[in-house]
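Novice: fold the stuff below for me.
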Amino acid sequence: MKIAVTTSSDKGLEAKVDLRFGRAPYFTVVDIEDMKVEVIKNSAGNAASGAGVSAAQKMSDEGIDGIISGNFGPKAFETLKNGDLKLYSFSGTVKEAVDELKKGNLEELSNPTNAPHSGLN
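Specialist: Sure, this is the predicted structure:
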């Protein structure tokens, strides 16, 4: 299973989970079977609008099975769910997030966690 974790740095398993899905600077992708890590720069993060939907499409194109982030806005949430991705919310490091997921301690989200446009600074 390939999980993408939104991160604010490219430090792999030690990176902190970014609270924003669409505007996170990086996606740290972890194959939870062998713990192989790949860091992908989020090219949608600086978009004037539609960052969440663009990032969601990128994750679908990458063959991701699930995503861990601090929050998901409604448009990104809908796009990701339509792509059959599993969504989880977590705060901590990538390693902690993956460990909690493997233990079954993360509950799959059934609703967005943010209002529209809340990731804008």
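
Novice: mind saving the C-alpha coords of the lengthiest helix in the chain as CSV?
Specialist: Secondary structure of the chain per DSSP state H: the longest helix is helix 51-61. Output of helix 51-61 as CSV, limited to C-alpha atoms (Å, rounded to 0.1, in the frame of the first residue of the first chain):
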residue,chain,number,x,y,z
ALA,A,51,-4.4,23.8,-5.4
GLY,A,52,-6.3,21.0,-3.6
VAL,A,53,-7.9,19.6,-6.7
SER,A,54,-4.6,19.8,-8.7
ALA,A,55,-2.8,18.1,-5.9
ALA,A,56,-5.5,15.4,-5.6
GLN,A,57,-5.2,14.7,-9.4
LYS,A,58,-1.4,14.4,-9.0
MET,A,59,-1.8,11.8,-6.2
SER,A,60,-4.3,9.8,-8.3
ASP,A,61,-1.8,9.8,-11.2
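
Novice: and that helix, which residues are buried?
Specialist: 51, 52, 53, 54, 55, 56, 57, 58, 59 (16 or more other C-beta atoms under 10 Å). C-beta here means a position set from N, CA and C on the backbone, and glycine is covered the same way.

Novice: helices or strands next to it in the packing?
Specialist: strand 26-31, helix 74-82 (3 or more C-beta pairs under 8 Å, 6 or more residues apart in numbering; DSSP states H and E).

Novice: any chance you could map the strands in this structure?
Specialist: 2-7, 26-31, 36-41, 66-69, 86-89 (DSSP state E).

Novice: for these, which one sits closest to residue 75?
Specialist: Residue 75 lies closest to strand 86-89 among these, at 13.2 Å (C-beta to C-beta).

Novice: what helices or strands is the closest one leaning on?
Specialist: Short answer (3+ C-beta pairs under 8 Å, 6+ apart): strand 86-89 packs on strand 66-69, helix 74-82.

Novice: which of the ones you listed comes out lowest on mean pLDDT?
Specialist: Ranked on mean pLDDT, the bottom entry among the helices and strands packed on strand 86-89 is helix 74-82, at a mean of 89.
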